[in-house]
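1. following is a predicted model, sequence given first.
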Amino acid sequence: MDIQVKKTCIIDDDDVYIYAIKRLMSLQKLCDNVLVFKNGKEAIDYFIAHKDDVHSLPDIILIDVNMPVLDGWGFIDEYLANGFDKTKVADLYMISSSIDPRDVKKAEAIPVIKKYIFKPITLDELNAVFGKTRATT
């Protein structure tokens, strides 16, 4: 199967998770071009610097809730405030170890967030994110 997703963005401060998800993405041939940012500020700075080049922006964004400097919620606020949801439509997924029902409810109330997924993400869920199969949930 040809890779359809050209660029993915992972925003997370967990090195083990980043390694694991990148490895899964590679093994499943989901995406070859992966941007990694350790916090929301690094990511939003990149987005702002590349706002005039939509090809530099990702098709899928996988973001954690809890990170230093600028957390997932702060990133989403900046993402929306800068109009990136209109510049290039990306599928945004919250993938977090937070099982706080308030986080889930908050994510569900933000239309740009496609789904809130609990870590560790399963292979079925990851494939579903990339449109390869349907997750069984």
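-> Arrived safely, thanks for sending. Keep in mind the model is a prediction, meaning the values are calculated, not measured.

2. what residues does stretch 84-96 touch?
-> Residues outside stretch 84-96 that contact it (C-beta atoms under 8 Å, 6 or more residues apart in numbering) are 9, 12, 47, 51, 54, 57-66, 72, 76, 79, 103, 107, 112-119, 121, 129. All C-beta spots, glycine's among them, are computed from the backbone N, C-alpha and C.

3. just checking, residue 14 touches residue 63?
-> No - Residue 14 is beyond contact range of residue 63, at 12.0 Å (criterion: C-beta atoms under 8 Å).

4. of those two, who's got more company?
-> Applying other C-beta atoms under 10 Å to residue 14 and residue 63 shows that residue 63 carries more neighbours, namely 24 against 17.

5. tell me what the more buried one is bridged to.
-> As for beta bridges, residue 63 partners with residue 11, residue 94 under DSSP bridges.

6. ok, now which ones touch it?
-> So residue 63 contacts 9-12, 40, 43, 72, 75-76, 92-95 (C-beta under 8 Å, 6+ apart).

7. where do the strands of this structure begin and end?
-> 8-11, 34-37, 60-63, 91-96, 113-118 (DSSP state E).
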